[in-house]
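>>> Following is a predicted model, sequence given first.
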Amino acid sequence: MFLFDPSKALSDSNRPEIASQQDANDLALFLAGARKLSSRLGIGAAVKILRRAVGNDTAFGYGIDLGAQYRVGNSLNLGVVFRDVTGTRVSWDGQLANDRIAPTMDAGAAYFGAAPWIGGNYTLAASNAYFGDSPRIKGINTMNLGLEYWLRDILAFRAGYSEGNGT
């Protein structure tokens, strides 16, 4: 973008003009599978193939995600997922530098049961993200909370909290 008259200050009569526009998009293909190892333990894995485009430049990459879930008693599940385990690399074909998506880990728990005072079922979940290279993912500062209530398996109510925002 540039100003209509660069010698003058930005104003209503001297607005920025668009010199060009570039399209950008991300596409991903996920191939995933899971297996129950016992009545309490399940594991899963996913391979993802990424394609990014900015203007005439394109990039390709791949990554691997791994996860596990363990049931404790009748009302508690514990889970962990490792995203981009290998440090997903995205290679550009043009002049742009290559990207690297740093590994992250998300660990959480979900408690579920029946709501005897009003009927229906509820799930209360919490998780935290660890590692990564985003400024917002440094240690234990990405708490996510969620509550789901099902009324007679027909209607669901959901509320949550993610990184300081209601969801």
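That came in fine, so what should we check first?

>>> Okay, the residue nearest to N14 when sequence neighbours are not counted and E17: tell me how far apart.
Nearest residue to N14, sequence neighbours excluded (CB to CB, 6 or more residues apart in numbering): K8, at 4.7 Å. Every C-beta, even on glycine, is put in place using the N, C-alpha and C of the backbone. Distance, K8 to E17, by CB to CB, to the nearest Å: 13 Å.

>>> The longest strand seen in the chain: partners in the sheet, and parallel or antiparallel?
For the chain, the strand that runs over the most residues, judged by DSSP state E, is strand 57-72. Sheet pairing of strand 57-72 (DSSP bridges) gives strand 41-54 (antiparallel), strand 76-83 (antiparallel), strand 88-92 (antiparallel).

>>> now those strands as JSON lines including mean neighbour count, distance to Q69 and mean pLDDT?
What follows is the strands paired with strand 57-72, written out as JSON lines (neighbours: other CB atoms under 10 Å; distance: least, CB to CB, whole Å; pLDDT from 0 to 100):
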{"stretch": "strand 41-54", "mean neighbour count": "15", "distance to Q69": "5", "mean pLDDT": "94"}
{"stretch": "strand 76-83", "mean neighbour count": "17", "distance to Q69": "4", "mean pLDDT": "96"}
{"stretch": "strand 88-92", "mean neighbour count": "17", "distance to Q69": "23", "mean pLDDT": "86"}
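
>>> M105 is nearest to which of those strands?
strand 76-83 (5.3 Å; CB to CB).

>>> CA atoms only: put the closest one into PDB for me.
The C-alpha coordinates for strand 76-83 follow below in PDB (Å, rounded to 0.1, in the frame of the first residue of the first chain):
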ATOM      1  CA  LEU A  76     -12.400 -39.800  34.700                       C
ATOM      2  CA  ASN A  77     -10.300 -39.800  31.500                       C
ATOM      3  CA  LEU A  78      -6.700 -38.600  31.300                       C
ATOM      4  CA  GLY A  79      -5.200 -37.700  27.900                       C
ATOM      5  CA  VAL A  80      -2.100 -36.400  26.200                       C
ATOM      6  CA  VAL A  81      -1.400 -35.400  22.600                       C
ATOM      7  CA  PHE A  82       2.000 -34.600  21.100                       C
ATOM      8  CA  ARG A  83       1.500 -32.400  17.900                       C
END
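
>>> And the contacts of it?
For strand 76-83, the external contacting residues (CB atoms under 8 Å, 6 or more residues apart in numbering) are 63, 65-72, 103-112, 127.

>>> Return a ChimeraX selection command for the buried portion of the residues you listed.
Only the buried entries of those go into this ChimeraX selection, using 16 or more other CB atoms under 10 Å:
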select :63,65,67,69,70,71,103,104,105,106,108,110,127
